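# Please find the sequence and the predicted model below.
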Amino acid sequence: MAESYNICLDIGGTKVLGVVFNSKKEIVFRLKKKTKSGGDSSDNIEQLIINVVKELIDASGIKADKINAISAGAPGVINQETGVVLFSPNLPWRNYNIKKPIEKEFGCPFYIGNDVNVGVLGEYKYGAAKGYKNVVGLFVGTGMGGGLILNGELFTGNKFKAAEYGHMILDPEGPLCNCGQRGCLEAFSSKQGMSAYIRQQVSRGRKSSMAEAVENGVFKSKVLKNALAEGDSVAVEAVDRACHYLAVASGNLVNTFSPDVVVYGGGVIEAVGDIFLEKILSEVDRYCMPSIRETVEFKKAALGDDSILYGALSMIKK
């Protein structure tokens, strides 16, 4: 049988990661492209995806007719069955059918799903949650995403809107979240939430090596890693606060779903996951019912940057 390939993409607000998988499910080529999603139209993002796929085909030296399928994870509410992006917070898509133009361009099936759902699926099929049937996934990045596997199936809820754990309200009087609500998990524990806290402390005259990194937006994860290594007190506080609310949220999720495992992923966890896991574990027991807590494990994602890519691979119906 001739070798065939799958192209998998992780489409973000700032970058597109693309890889080529061979038929043994090994990554044989990878590519990273910056995106400028700000004022781009839907067509530009679509063109970007097409360009990345073409570049992957050209640079890897595989023939276009050897592509079995293309699959992607992207932020937002996405109908996995129809390929329609209903809404995406960081990309200019509303009720946008991305599936049709990609399939027309490349003549092969195209699959797309919510990035964190797809990332949790990747960890379930190939990573830290392999072999478990019920999985809660929390991905800590610029925002806060969630994914849920119940009885071995990705649970996406009514109209593919489930597992928005980032907007679980933990303090109705808390900081404002981008969603318009107050005190969401995302407003405390994401890079946006931690950056806002650090900015606030710096504006009060406190010193932090992260002051510059958060001045106009969110820090890069490696900057946080360096600040924690230096014992930067403002950074340590921001992380303590983030982990406290992650522990509260995790306890609520454990009590709700009684999962086999809770998996933490995303850029922050990849950079400083051991610190986060240790802090979450130090207090999560307070927020779980003991009888449920004793049957759940807490783990870091194992696939790092590739969780979404492997999840995209597992969406492909051969």
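That came through, no problem. Numbers count the residues shown, from 1 in each chain.
# from here on, contacts and neighbour counts on C-alpha atoms
Noted.
# Outside of whatever helix or strand residue 280 lives in itself, list whatever touches it.
In this assignment (DSSP states H and E), residue 280 forms part of helix 267-283. With CA atoms under 8 Å, 6 or more residues apart in numbering as the test, helix 267-283 has contacts from 139-141, 191, 221-222, 225, 239-240, 243-244, 246-247, 264, 298-301, 304-305.
# let's go with 10 Å and repeat that
Helix 267-283 has contacts (CA atoms under 10 Å, 6 or more residues apart in numbering) with 138-142, 190-191, 220-226, 228, 239-248, 250-251, 263-266, 298-305.
# Could you pull out the buried residues of that helix?
Residues 267-273, 276-277, 279-281, 283 are the ones in helix 267-283 that count as buried (16 or more other CA atoms under 10 Å).
# tell me the mean pLDDT for it?
Averaged across helix 267-283, pLDDT comes to 97.
# show me what contacts the residue nearest the centre of the chain?
Note on the chain: the residue nearest the mean C-alpha position is residue 116, at 4.0 Å, using CA atoms, centre = their mean. By CA under 10 Å, 6+ apart, residue 116 lies in contact with 73-76, 122, 137-140, 144-148, 163-164, 265-266, 307-308, 311.
# pLDDT below threshold where in the stretch 1-150 of the chain?
The model of the stretch 1-150 of the chain has pLDDT under 70 over residues 1-2, 36-44, 89-91.
# Which parts of it are helices?
Ranges of helices in the stretch 1-150 of the chain, per DSSP state H, counting those that start in this stretch, are 42-60, 99-106, 115-126.
# Which one of the ones you listed lies nearest to residue 24?
Closest approach to residue 24 among the helices of the stretch 1-150 of the chain is made by helix 115-126 (12.9 Å; CA to CA).
# Is the residue nearest to residue 197 when sequence neighbours are not counted within a helix or a strand, and which one?
Of all residues not flanking residue 197 in the chain, residue 238 sits nearest, at 6.3 Å (CA to CA, 6 or more residues apart in numbering). Assigned by DSSP H and E, residue 238 belongs to helix 233-257.
# Could I get the buried residue list for that helix?
Going by neighbour count (16+ other CA under 10 Å), the buried part of helix 233-257 is 234-255.
# host element of residue 224?
For residue 224, the element it lies in under DSSP H and E is helix 221-230.
# what does that helix rub up against?
Helix 221-230 is contacted from outside by 141-142, 191, 194-195, 208-210, 213-214, 232-239, 267-273, 275, using CA under 10 Å, 6+ apart.
# Surely residue 302 is in a strand?
No. Assessed with DSSP: H, G, I helix; E, B strand; the rest coil, residue 302 is coil; it does not lie in a strand.
# Output stretch 105-117 as PDB, nothing but the C-alphas.
Extracted in PDB, the C-alpha atoms of stretch 105-117 (Å, rounded to 0.1, in the frame of the first residue of the first chain):
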ATOM      1  CA  GLU A 105      -8.700  23.600  -2.800                       C
ATOM      2  CA  PHE A 106      -7.100  20.300  -1.800                       C
ATOM      3  CA  GLY A 107      -9.600  17.700  -2.900                       C
ATOM      4  CA  CYS A 108      -9.500  15.800   0.400                       C
ATOM      5  CA  PRO A 109     -11.600  15.800   3.600                       C
ATOM      6  CA  PHE A 110     -11.100  18.600   6.100                       C
ATOM      7  CA  TYR A 111     -12.000  18.300   9.800                       C
ATOM      8  CA  ILE A 112     -12.000  21.100  12.400                       C
ATOM      9  CA  GLY A 113     -12.900  21.300  16.100                       C
ATOM     10  CA  ASN A 114     -12.500  23.600  19.100                       C
ATOM     11  CA  ASP A 115      -8.800  23.700  19.900                       C
ATOM     12  CA  VAL A 116      -9.000  22.700  23.500                       C
ATOM     13  CA  ASN A 117     -11.600  20.000  22.900                       C
END
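# i'd like the first residue to be 767 from this point on
Let's use 767 as the start, then, which means that last one is stretch 871-883.
# And it, how far out from the chain middle?
Computed by CA atoms, centre = their mean, to the nearest Å, the chain-centroid distance of stretch 871-883 equals 16 Å.
# Show me which residues of it are buried.
By neighbour count with 16+ other CA under 10 Å, stretch 871-883 contains the buried residues 872, 875-883.
# just stretch 839-852 next, same as before
Within stretch 839-852, the residues scored as buried using 16+ other CA under 10 Å are 839-846, 849-852.
# Inside strands: which ones of the residues you listed?
Counting by DSSP state E, the buried residues of stretch 839-852 place 839-840, 843-845, 850-852 in strands.
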